[in-house]
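**Student:** Okay, sequence plus prediction incoming.
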Amino acid sequence: MCLSAVRRGIGRPLVLLHGWGSSSRVWRKFSGLLATQFQTTAFDLPGFGLSDPTEPIALGQLSARLLRAIEGRFLILGWSLGGLVALEMARRAPERVARVVLIAVNPCFVRRCDWAHAMEASVFESFAQRITAAPARALKRFAVLQASNGARRAEVAKQLQAAAVWKIPEPHVLSAALTLLSKSDMRQVLMGLNCPVALVLGERDALVPVAIRNELTALAPGLCCYVVSGAAHAPFLSHPTEIAAQVKEFLLCPTR
């Protein structure tokens, strides 16, 4: 089965994982800011972009397939859904994952009785219905939602749409990945990781409330958390230079 990836630069291996409904194309500009010090590998998650799907669409299967495609020890950066996959990869192969950067990631995306800072389950259910009815239209609307409230929202939404609709996944893949997002709870995994972890949050993110910062730093006291002023759900697109500097500082700091 094909697992598509785009590699750039030289230096320490850095894996980039995109979010739900997107593809490796979302990293085109941002990876260039990292490629002077890292060898970036931007994967299309199974079933997205040019990668063949895997069955079932579950964190275990996704992470296992990616781990088989990567050699040696590496750093990893995951955005949104990609962050959950990154956490699972670090859990499964702690000897291989040196550090983890999470961008706009909530370890528990859907609200629960003990986790208030998340989305309502009804929002996921409503969106799943739109995906089944009209995938392309739903992906475009999702791009607008991700950019809403943030700086440069029109430009960011355009980049998100381009990464999403250039090769639209099968509706069942989109639905299964959405279910994965709604059912996953990676809080215990985050608490149990031994490698350094950084979390980047957008101040105006409509999908991942910035209020989770206090909750997560309480769960995982060693977590390095950055809040990007004026950013929404894709801060690496709205504030690329700032985010690249934060990522480099965290990944290259010898004392962490």
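**Tutor:** Good, I have the coordinates. Residues are numbered from 1 along each chain as shown.

**Student:** how far away is the residue nearest to Ala244 when sequence neighbours are not counted from Glu120?
**Tutor:** Distances taken as CB to CB, 6 or more residues apart in numbering put Leu33 closest to Ala244, at 3.8 Å, once the chain neighbours are dropped. For every residue, glycine as well, the C-beta is placed using N, CA and C. Going from Leu33 to Glu120 by CB to CB, to the nearest Å gives 35 Å.

**Student:** between the two, which one's more packed in?
**Tutor:** Neighbour count, other CB atoms under 10 Å: between Leu33 and Glu120, Leu33 has more, with 19 against 10.

**Student:** secondary structure element for that one?
**Tutor:** helix 28-34 (DSSP states H and E).

**Student:** for that helix, packing partners?
**Tutor:** strand 5-8, strand 38-43, helix 235-238, helix 240-252 (3 or more CB pairs under 8 Å, 6 or more residues apart in numbering; DSSP states H and E).

**Student:** try 10 Å this time
**Tutor:** strand 5-8, strand 12-17, strand 38-43, strand 74-79, helix 153-165, helix 235-238, helix 240-252 (3 or more CB pairs under 10 Å, 6 or more residues apart in numbering; DSSP states H and E).

**Student:** Let me have the ones you listed in JSON lines, extended by distance to Ala211, mean pLDDT and mean neighbour count.
**Tutor:** Listed next are the helices and strands packed on helix 28-34 as JSON lines, based on distance: least, CB to CB, whole Å; pLDDT from 0 to 100; neighbours: other CB atoms under 10 Å:
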{"stretch": "strand 5-8", "distance to Ala211": "35", "mean pLDDT": "96", "mean neighbour count": "16"}
{"stretch": "strand 12-17", "distance to Ala211": "24", "mean pLDDT": "98", "mean neighbour count": "23"}
{"stretch": "strand 38-43", "distance to Ala211": "30", "mean pLDDT": "98", "mean neighbour count": "24"}
{"stretch": "strand 74-79", "distance to Ala211": "19", "mean pLDDT": "98", "mean neighbour count": "26"}
{"stretch": "helix 153-165", "distance to Ala211": "21", "mean pLDDT": "93", "mean neighbour count": "19"}
{"stretch": "helix 235-238", "distance to Ala211": "16", "mean pLDDT": "98", "mean neighbour count": "27"}
{"stretch": "helix 240-252", "distance to Ala211": "20", "mean pLDDT": "96", "mean neighbour count": "17"}
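
**Student:** Please produce TSV containing the ones you listed, extended by distance to Arg112.
**Tutor:** Output for the helices and strands packed on helix 28-34, formatted as TSV (distance: least, CB to CB, whole Å):
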stretch	distance to Arg112
strand 5-8	34
strand 12-17	24
strand 38-43	29
strand 74-79	22
helix 153-165	27
helix 235-238	26
helix 240-252	29
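
**Student:** so which of these comes closest to Leu219?
**Tutor:** Closest to Leu219 of these is strand 74-79 (CB to CB; 17.8 Å).

**Student:** Now the element after that closest one, going C-ward?
**Tutor:** Where DSSP H and E defines the elements, the next helix or strand beyond strand 74-79 is helix 81-92.

**Student:** What pairs with the helix or strand that that following helix is followed by, parallel or antiparallel?
**Tutor:** Sequence-wise, the next helix or strand downstream of helix 81-92 (DSSP H and E) is strand 97-103. Partner strands and pairing direction for strand 97-103 (DSSP bridges) are strand 74-79 (parallel), strand 197-202 (parallel).

**Student:** between those strands, which one is nearest to Ala136?
**Tutor:** strand 74-79 (21.4 Å).

**Student:** so that closest one versus strand 38-43, what angle?
**Tutor:** 50 degrees (axes from the mean of the first three to the mean of the last three CA atoms, to 10 degrees).

**Student:** Go ahead and measure how far strand 74-79 is from the middle of the chain.
**Tutor:** A distance of 9 Å separates the centroid of the chain from that of strand 74-79, by CA atoms, centre = their mean, to the nearest Å.

**Student:** ditto for stretch 196-205
**Tutor:** On CA atoms, centre = their mean, the centre of stretch 196-205 falls 11 Å from that of its chain.
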